[in-house]
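[1] Predicted model, plus sequence, below.
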Amino acid sequence: MLFDGVCKLCNGVVKFLIRHDPHQRLRLAVVQSEQGQALLKWAGLPLDDFHTIAVIVNNRVFVRSDAFLHIMGLLPAPWPLLKVLGIFPR
């Protein structure tokens with residue numbers, strides 16, 4: 001997951017994810033880091049104006065709500081139940 005390391009909300013979400021990911025399935029990268037910048041470039045996402053979250057899985061890029069729902073699916077119960085929100089139009 002790519003996230004803005006300066007954003008307090010983003011950091012709060014990351015802390016939540018770390019607490020609720022007992023199997024450490026998520027890999028995190030701050031977009032301001034060298035690795036984060038390389039992943040943003042690879043994904044074709046903006047390098048200097050990044051205001052969302054992104055997830056890369058098997059060479060597929062998910063952003064915004066799609067990224068959030070994918071992440072929830074990786075966590076233990078009850079969090080995967082939130083994936084049902086994906087049936088609603090954006």
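    Structure received. Residues are numbered from 1 along each chain as shown.

[2] residue ranges of the helices in the chain, please?
    8-19, 34-43, 64-74 (DSSP state H).

[3] which other helices and strands contact the first one?
    Under the contact definition 3 or more CB pairs under 8 Å, 6 or more residues apart in numbering; DSSP states H and E, helix 8-19 sits against strand 2-3. Yep, even glycine has a C-beta here, placed from its N, CA and C like the rest.

[4] could you redo the last one with a cut-off of 10 Å?
    Judged by 3 or more CB pairs under 10 Å, 6 or more residues apart in numbering; DSSP states H and E, helix 8-19 is in contact with strand 2-3, strand 29-30, helix 64-74.

[5] most tightly surrounded among the helices of the chain?
    helix 64-74 (a mean of 17; mean count of other CB atoms under 10 Å).

[6] tell me the mean pLDDT for that one?
    Averaged over helix 64-74, pLDDT sits at 84.

[7] how far is that helix from where the chain is centred?
    7 Å (CA atoms, centre = their mean, to the nearest Å).

[8] Model confidence for Leu81, exactly?
    Per-residue confidence (pLDDT) for Leu81: 66.

[9] swap in His20?
    Looking at His20, its pLDDT stands at 89.

[10] can you tell me which residues contact the residue lying closest to it once chain neighbours are set aside?
    Using CB to CB, 6 or more residues apart in numbering and skipping the chain neighbours, the partner closest in space to His20 is Leu75 (5.1 Å). Neighbouring residues of Leu75 by CB atoms under 10 Å, 6 or more residues apart in numbering: Phe16, Leu17, Arg19, His20, Asp21, Pro22, His23, Arg25, Leu26, Leu82.

[11] Ala43 too?
    Leu2, Ala54, Val55, Ile56, Asn59, Arg60, Val61, Phe62, Val63.

[12] What is the burial count for the first one?
    Neighbourhood size, Leu2 [other CB atoms under 10 Å]: 27.

[13] And it, how close does it get to Ala29?
    Distance, Leu2 to Ala29, by CB to CB, to the nearest Å: 5 Å.

[14] list the residues that contact both of those two?
    Contacts common to Leu2 and Ala29, judged by CB under 10 Å, 6+ apart, are Gln35, Gly36, Gln37, Leu39, Leu40, Ala54, Ile56.

[15] I appreciate the help and will end here.
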